[in-house]
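*Asks:* Fold the following and give me the result.
(one chain, ligands or ions: 1)
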Amino acid sequence: MIVSKKMSNLTHNLLNWYSKNKRQFPWRVKKNIENPYYVWVSEVMLQQTNANTVINYYKKFIKNWPTIYSLSKAKLDSVLFQWQGLGYYNRAVNLHKTAKIISKKFNGKIPKNYETLIQLPGIGEYTANAILAIAYNKNTIGVDVNINRVISRLYNLNSDNNKSEISKKIYTLLPINKCSNFMQALMDLGSEICRKKSVNCLICPIKKYCHFYNEKKEINFDALKDKKRKFLFVYLIKYKNQIILKKRKKTKFLHGLMEIPNNLLNNKPSLKVAKQNAPLNLDWKTLPGKLNSKISNFELEIRFFQAQVEKKITLKNTVWVKKNEIQKIPISSLMRNILYYLNPT
Ligand code: SF4
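*Replies:* Here you go, the predicted model:
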């Protein structure tokens, strides 16, 4: 990749704006931003989760596991428990796995080169470059959705399929030895001014160079509204004052967490078909009511079935729990809301 030796005026304006307007977060405090472990934790938490939501989780996480060694020695269940509410639990599973590898193979030091980083569980192209740029100030950048959007508007590129063009353009802007601030400046610009569903070009520090602004294009914000919808069918099995929870195994999302048996579907079946698709052949009753929830970029409609059994059945990867035991079990916040709604025991 070509990195320009001379800082462009655009980059200069952007860095200048960032020095006066940067968002204040605990992971941006000097001692934290110079600690690659803290940068890594914050970057993983910030994927798919809003920065303001991350603040408290980040503080607690760092307090519980202040070093990579301490995280490597933690029990996965405690890490998952701490992660409850952040969603995308595979991130926590991979953080834990990678902490073990780094403690053992790299003396607890996060590698400084891309090729090694990318081999580690949960560290993809974006996270590797973000660690290198933000923590090590290397001449690179992690391109997240915000940065992708800003650069595509700036140079009139199609943000969906122009990855290599977007990369080329960014690399001509990288300021040598200032990539930490540069990357964070673009993230802030995308989050505060050049947003997905609204732009504030008049106060944008790089409008002078922006194709979008100079061409006075208009964004069809209505077309950007997500309308994806999914359907979750929950199957509650009760025995006296206990219910069955099942551990998620080898799943992309929420791996290792406990949940009420369920089916997630893209298309809505009739309740009769949903009942026939229940995980066990029991006397299922349809419970009245439904819940609506929002998960990342889709809306969820949730319906419920219940079966009362005469004696405890044994199923693989399941446990019977009482109401007062649920608090101590790692489950997703969606499942916690469902349990609260059903109030089953
Ligand atoms: S001028 Fe407008 S469209 Fe261009 S980068 Fe700034 S906010 Fe985005």
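*Asks:* Enumerate the residues of the stretch 1-150 of the chain near the ligand.
*Replies:* Contact residues (Cβ under 6 Å from any ligand atom) of the stretch 1-150 of the chain with the ligand: Val150. Any C-beta I mention is one placed from the backbone N, CA and C, and that applies to glycine too.
*Asks:* Relative to the ligand, which residue of the stretch 1-150 of the chain is the closest?
*Replies:* Val150 (5.1 Å; Cβ to the nearest ligand atom).
*Asks:* And for the stretch 51-200 of the chain?
*Replies:* For the stretch 51-200 of the chain, Cβ to the nearest ligand atom, closest residue to the ligand: Cys194, 3.1 Å.
*Asks:* what about that residue, neighbour count?
*Replies:* Neighbourhood size, Cys194 [other Cβ atoms under 10 Å]: 26.
*Asks:* Confirm for me that it is in contact with Arg153.
*Replies:* Yes. Between Cys194 and Arg153 there is a contact at 6.3 Å, judged by Cβ atoms under 8 Å.
*Asks:* any residues in contact with both of these two?
*Replies:* Here Cys194 and Arg153 share no contacting residue, scored by Cβ atoms under 8 Å, 6 or more residues apart in numbering.
*Asks:* Against Pro269, how distant is Pro288?
*Replies:* In this view, Pro288 and Pro269 are 18 Å apart by Cβ to Cβ, to the nearest Å.
*Asks:* more neighbours, those two?
*Replies:* Higher neighbour count among Pro288 and Pro269: Pro269, with 14 against 7, using other Cβ under 10 Å.
*Asks:* Surely that one touches Asn263?
*Replies:* No. At 9.1 Å, Pro269 and Asn263 do not qualify as touching, with contact defined as Cβ under 8 Å.
*Asks:* any residues in contact with both of those two?
*Replies:* Asn277.
*Asks:* Does Arg91 touch Gln47 like I think?
*Replies:* Yes. Using Cβ under 8 Å, Arg91 is in contact with Gln47, at 6.7 Å.
*Asks:* got any ranges where the stretch 151-300 of the chain has weak pLDDT?
*Replies:* For the stretch 151-300 of the chain, residues meeting the criterion pLDDT under 70 lie at 159-161, 217-227, 250-255, 296-297.
*Asks:* 90 - rerun?
*Replies:* Along the stretch 151-300 of the chain, segments meeting pLDDT under 90 span 156-167, 176, 196-200, 202, 212-230, 240-241, 247-258, 264-281, 287-300.
*Asks:* residue ranges of the helices in it, please?
*Replies:* With DSSP state H, counting those that start in this stretch as the criterion, the stretch 151-300 of the chain has helices at 163-173, 179-192, 211-214, 271-276.
*Asks:* I'd like to know how far the residue nearest to Ala51 when sequence neighbours are not counted sits from Val39.
*Replies:* Spatial nearest neighbour of Ala51, excluding adjacent residues (Cβ to Cβ, 6 or more residues apart in numbering): Phe25 at 6.3 Å. As judged by Cβ to Cβ, Phe25 and Val39 stand 12 Å apart.
*Asks:* More neighbours: the two, which one.
*Replies:* Neighbours were counted for Phe25 and for Val39 using other Cβ under 10 Å; Val39 has more, 24 against 17.
*Asks:* who are the neighbours in contact with the more buried one?
*Replies:* Per Cβ under 8 Å, 6+ apart, neighbours of Val39: Trp27, Asn32, Ile33, Ala130, Ile131, Ile134, Ala135.
*Asks:* where does the last one land on pLDDT?
*Replies:* Reading off the confidence values, Ala135 has pLDDT 96.
*Asks:* give me the number of residues near it?
*Replies:* Neighbour number of Ala135 under other Cβ under 10 Å is 22.
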